[in-house]
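Trainee: Sequence below, structure please.
(one chain, ligands or ions: 1)
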Amino acid sequence: MVAIAIEGLTKRYRDRRVVDGLGFTVEEGSLVGFLGPNGAGKTTTLRMLLGLVRPTSGQALVYGRPYRDLPDPARVIGAVIETMTAHPRRTARRHLRMLGLRIGVGPRRVDTVLELVGLTGAADRRAGGFSLGMRQRLALAGALLGDPGVLVLDEPANGLDPEGIHWLRGFLRAQAAEGRTVLVSSHQLAEVEHTVDQVVIVARGRLVAAGSLDALRARASGRLHVRSPQAERLAGLMTAAGATVRMTGHDRLEGPLGWSEYVGLLSAEHRIPLFELREDAPGLEEVFFRLTGAGGLGEAP
Ligand SMILES: Nc1ncnc2c1ncn2[C@@H]1O[C@H](COP(=O)(O)OP(=O)(O)OP(=O)(O)O)[C@@H](O)[C@H]1O
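Mentor: Numbering: from 1, shown residues only. Below is the predicted model:
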């Protein structure tokens with residue numbers, strides 16, 4: 001079942017489309033990384049999903065409805081969109097109790113979410129004295145108050161120290177293990193790479209890739225690149241030896257990794273000149289960079 005559906009979503013500010021015909025879906029129960037460089041339009045997309053910004057065109061749906069049409073939104077979708085704005089003189093517990101009042105959630109649930117985010121010990125301290133990591137936890141507690149099935153988190157790892165990031169990973173996995181749908185944005189693939197199983201990648205307001213992280217990883221497996229004035233002949237010899245070869249130009253071919261020595265021997269034996277013989281193995285980060293970098297539009301994995 002589709003929990004989140006983004007359909008032809010566009011947001012224009014003046015004459016600039018910061019979100020431009022974006023479309024993707026998030027299946028119920030999946031843990032999805034929403035990735036893209038700064039300014040790619042992630043926050044604007046999430047704000048439209050949460051009914052905070054009106055789309056210029058298209059729609060963002062939660063279980064088939066726009067946010068404003070959800071009968072009891074806090075029980076359907078919880079979000080951390082900006083660093084939380086608890087009154088600095090208010091304690092964590094009091095802040096959550098007041099949020100709870102607004103959505104019809106009692107003090108027992110407040111204690112439960114404080115426990116879930118590991119803030120029980122700091123529950124009666126004023127939020128003004130909290131570290132950034134603690135403020136993030138308090139914001140997460142607020143998002144969980146209504147026990148929603150869907151969580152939307154905008155750059156929750158921003159400003160966290162390594163310990164905080166480690167905690168966040170475990171927290172997100174635990175949420176997914178309980179069957180929650182989690183959409184978590186980041187401008188760094190590495191930050192969510194060990195947590196999410198699906199990715200939606202955007203750049204300049206558009207979708208550049210969507211699918212499983214494994215499919216993205218498969219793209220990261222490298223190739224052998226050969227350039228020769230007799231590339232076609234060489235391709236024939238390599239194919240005969242069992243390699244899967246693709247001509248990428250009149251004098252270029254791509255083959256599998258691990259074949260460079262054999263190709264060198266073939267070229268010597270058959271007197272085929274080589275202009276280039278190299279293997280490349282882009283890492284996952286490199287694939288991400290190519291997808292989102294200038295001119296790096298690619299097909300979905
Ligand atoms: N209210 C607004 N008016 C004009 N431009 C805006 C407005 N809100 C966002 N933008 C612009 O839209 C672009 C996309 O911003 P957005 O915050 O959605 O990107 P992002 O992918 O979340 O990036 P970041 O990680 O930096 O938050 C940015 O260039 C931003 O300046």
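Trainee: I'd like to know how far the residue lying closest to Val53 once chain neighbours are set aside sits from Val62.
Mentor: In space, and not counting its chain neighbours, Val53 is closest to Arg47: 4.1 Å by Cβ to Cβ, 6 or more residues apart in numbering. C-beta coordinates here come from the backbone N, C-alpha and C atoms, glycine included. Relative to Val62, Arg47 is positioned 13 Å away (Cβ to Cβ, to the nearest Å).
Trainee: Then Leu183?
Mentor: 10 Å.
Trainee: Quick check: neighbours shared by those two?
Mentor: 4, 150 (Cβ atoms under 8 Å, 6 or more residues apart in numbering).
Trainee: can you list the residues of this protein near the ligand?
Mentor: Residues of the chain found near the ligand (Cβ under 6 Å from any ligand atom) are 13, 18, 36, 38-44, 187.
Trainee: Any of those residues buried? List them.
Mentor: Of the members of the residues of the chain next to the ligand, the ones counted as buried by neighbours, 16 or more other Cβ atoms under 10 Å, are 18, 36, 40-44, 187.
Trainee: burial measure for the residue nearest to Glu155 when sequence neighbours are not counted, as a count.
Mentor: Using Cβ to Cβ, 6+ apart and skipping the chain neighbours, the partner closest in space to Glu155 is Ser185 (5.6 Å). Using other Cβ atoms under 10 Å, Ser185 is surrounded by 26 other residues.
Trainee: For Ser185, pull up the helix or strand it's in.
Mentor: Secondary structure from DSSP states H and E places Ser185 in strand 181-186.
Trainee: any idea how far whichever helix or strand comes after that strand is from the chain center?
Mentor: Moving toward the C-terminus from strand 181-186, the next helix or strand (DSSP H and E) is helix 189-192. Mean C-alpha position of helix 189-192 versus that of the full chain (Cα atoms, centre = their mean, to the nearest Å) differs by 8 Å.
Trainee: Same check on stretch 160-170?
Mentor: How far stretch 160-170 lies from its chain's middle: 17 Å, per Cα atoms, centre = their mean.
Trainee: What are the buried residues along that stretch?
Mentor: 160, 164, 167-169.
Trainee: Okay, and which of these map to helices?
Mentor: If you go by DSSP state H, those have 164, 167-169 in helices.
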